[in-house]
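>>> Fold the following, please.
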Amino acid sequence: MSVTLEVTFAPAEFDALARRDLSGAVCVVFDVLRATSSMTAALANGAREIVPLADIPAAVALRRARPEVLLAGERNGLRIRADLTGSVDFDLGNSPREFTPERVRGRSLAMTTTNGTRALRACAGALRILVGGFVNLGAVVRVIERQRPAQLILVGSGTLEQAAFEDTLAAGALVDVLWPLYANGQVADSAPIARHLYRRFANDVPAALALGRNGRRLLAQPELHEDVAFCAQRDVFDLVGELQTDGAVRLCSEK
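Here you go, the predicted structure:
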C-alpha cells in the first residue's frame with residue numbers, strides 16, 4: 001500500500017483539513033509554544049485528562065457542570081482572567097512549568113488556547129490524533145513506527161492565522177526521523193520543506209525557537225521567557241497524549 005506524508009503549516013488550513021476524510025489518517029498536532037508541550041507536561045505529571053475547548057465560554061461552562069475541573073489556557077500568551085471570562089480567573093495559564101504534580105495530579109483540566117486547541121479539533125475524525133512536541137518527539141516516533149500509518153499528517157498550529165517557525169521545525173524533526181518509512185511514498189512538498197528547515201537548525205533548537213514570533217514574544221516577558229528553553233528540550237517526557245473520541249486528551253495506548 002502506498003503511504004502519504006504531509007505537513008500543514010497554518011490555521012488557514014484548518015477548515016480544509018476538517019472537511020477531508022481523515023478516517024485512515026494519523027494526525028500529529030504541534031503547538032510547541034506552548035499548548036502541546038503543556039498538555040504533555042500535564043500528563044507526565046499525573047493529570048487524568050485534558051479537554052481541549054475552542055473558546056472561553058465552553059471552558060467556563062464545563063467548569064460549571066464539573067466543579068472539580070481545573071481551568072487552563074491563555075489569550076495573547078497570558079493566563080485568562082475574570083475580565084475575559086466574566087466570572088472566574090483560570091487556575092492555570094499555558095506555561096508547561098505550571099503543570100506540576102502538586103497542581104495537576106489526578107485532575108481533569110479544561111484547556112483553551114489561541115491555536116493549539118483549534119488544531120486538535122480540526123483533526124476530528126482522524127484515525128488517531130497525537131499530541132506532539134520536541135519534549136516527547138521520541139515517544140511520538142515509537143507510536144508511529146509501531147503502527148506505520150498509511151496516511152500521516154503533521155499539523156502545525158501556527159500563530160494568529162499564519163505559520164509558526166517552531167511548529168514547522170518540530171514537524172521537520174519528526175519527518176527527518178521517519179523519512180526512511182515515507183520517502184518512497186506520496187510525499188507532499190511541505191514535508192521536505194519542514195525537514196530541511198529542521199536540518200538547518202538541528203544543532204541549536206533553543207536558539208532557533210527564539211527566531212520565531214512566538215519565541216520572541218515569550219522571551220520578552222520575564223515570567224514566561226523560561227518556557228522557550230523548556231519547550232526546546234528533546235525527549236524529556238516518554239509519553240504521548242492522544243485525543244480520544246470523547247474529546248479528552250489522555251495517555252495513548254500504543255497500538
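>>> Can you tell me which residue is spatially central in this structure?
Nearest to the geometric centre of the chain sits residue 36, at 2.9 Å (Cα atoms, centre = their mean).
>>> thinking that one is in contact with residue 42, fair?
No: using Cβ atoms under 8 Å, residue 36 is not in contact with residue 42; the gap is 10.6 Å. In short, each C-beta sits where N, CA and C put it, glycine included.
>>> In which helix or strand does residue 120 reside?
helix 116-122 (DSSP states H and E).
>>> partners of the helix or strand that comes right after that helix in the sheet?
Counting by DSSP H and E, the next helix or strand C-terminal to helix 116-122 is strand 128-132. Using DSSP bridges, the strands paired with strand 128-132 are strand 25-30 (parallel), strand 241-243 (antiparallel).
>>> Compare those and give me the one nearest residue 207.
Closest to residue 207 of the strands paired with strand 128-132 is strand 25-30 (Cβ to Cβ; 18.7 Å).
>>> Do a quick rundown of the strands in the stretch 101-250 of the chain.
Per DSSP state E, counting those that start in this stretch, the stretch 101-250 of the chain carries strands over the ranges 108-112, 128-132, 151-156, 186-187, 241-243, 249-251.
>>> Neighbouring strands - and their directions - for the third one?
Spelled out, it's strand 151-156. Here, using DSSP bridges, strand 151-156 pairs with strand 4-8 (parallel), strand 25-30 (parallel).
>>> what's next to it, contact-wise?
3-10, 17, 22, 24-30, 119, 122-123, 126, 132, 144, 163-164, 167-168, 171, 174-175, 178, 182, 191, 194 (Cβ atoms under 8 Å, 6 or more residues apart in numbering).
>>> if you set the cut-off to 6 Å instead, what comes out?
For strand 151-156, the external contacting residues (Cβ atoms under 6 Å, 6 or more residues apart in numbering) are 4-9, 24-30, 119, 167-168, 171.
>>> And for stretch 114-124?
With Cβ under 6 Å, 6+ apart as the test, stretch 114-124 has contacts from 11, 14, 17-18, 27, 29, 31, 35-36, 52, 129, 155, 157-158, 243.
>>> what's the distance between the residue lying closest to residue 79 once chain neighbours are set aside and residue 53?
Among residues not flanking residue 79 along the chain, residue 93 sits closest, at 3.3 Å (Cβ to Cβ, 6 or more residues apart in numbering). Applying Cβ to Cβ, to the nearest Å, the value for residue 93 to residue 53 is 15 Å.
>>> Now the strands paired with strand 151-156 in CSV, please, with extra columns for mean pLDDT.
Shown next, in CSV, are those (pLDDT from 0 to 100):
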stretch, mean pLDDT
strand 4-8, 98
strand 25-30, 98
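>>> So which of these is the most surrounded?
Mean neighbour count (mean count of other Cβ atoms under 10 Å) peaks for strand 25-30 among the strands paired with strand 151-156, with a mean of 28.
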